[in-house]
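Enquirer: How does the following fold in three dimensions:
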Amino acid sequence: MEDIKGVLESVKRKSGKTYSEIAEETGLTNVYVAQLFKRQAQLKPDTVSKLKAALPELPDHVVEKMMEPPLRCYDPKLIQEPTVYRLNEAVMHFGESIKDIINEEFGDGIMSAIDFYCSVDKVKGVDGKDRVVVTLDGKYLPYSEQKSEHMVSRIKESGK
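Expert: Okay, here's the model as predicted:
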């Protein structure tokens with residue numbers, strides 16, 4: 001079985017392009033491009049020609065694999081990687097406050113991680129030093145009151 005992620009990494013490396021450059025050429029976010037290359041996202045038909053134009057060396061059989069629904073999972077050891085650990089730490093540290101602000105601004109609900117956009121950008125701080133900006137842009141999903149009368153499995157067919 002061919003290592004699709006290995007082929008993708010090799011094609012990207014040989015191209016000399018960054019995820020952000022590929023993202024600009026395809027109209028995707030840089031994180032989504034990275035997710036495609038890690039097989040954590042599905043390549044959609046409308047994007048195939050743009051990706052092939054950005055990376056002409058990408059084999060057709062790999063593109064076909066990228067269009068299959070991926071197995072979205074991760075290695076539990078990933079949390080030990082310092083960048084991932086710090087991101088997790090930031091979410092855990094600020095999470096309760098973020099949750100409270102979401103509830104104040106939107107009501108009782110959550111941010112979707114499915115209808116979701118994510119990007120990483122590099123900016124200069126007021127002190128002139130490089131700063132990392134991680135944007136999490138998710139659809140708001142309100143919790144619903146669970147009324148039994150709205151539960152399809154409990155609605156009785158009329159006439160029975």
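Enquirer: Please count neighbours and contacts with C-alpha atoms only from this point.
Expert: OK.
Enquirer: Tell me the secondary structure at residue 58.
Expert: With DSSP: H, G, I helix; E, B strand; the rest coil as the basis, residue 58 sits in coil.
Enquirer: thought it was touching residue 10?
Expert: No: using C-alpha atoms under 8 Å as the test, residue 58 is too far from residue 10 to be in contact (9.6 Å).
Enquirer: which of these two has more neighbours?
Expert: Between residue 58 and residue 10, residue 58 has the larger neighbour count (other C-alpha atoms under 10 Å), namely 18 against 13.
Enquirer: For burial, what's the neighbour tally of residue 5?
Expert: Residue 5: 15 surrounding residues under other C-alpha under 10 Å.
Enquirer: That one: what's it in contact with?
Expert: 37, 38, 39 (C-alpha atoms under 8 Å, 6 or more residues apart in numbering).
Enquirer: residues of the helix or strand containing it that come out buried?
Expert: Using DSSP states H and E, residue 5 maps to helix 4-15. Of the residues in helix 4-15, 4, 8, 11, 12 count as buried by neighbour count, 16 or more other C-alpha atoms under 10 Å.
Enquirer: Done for today, thanks.
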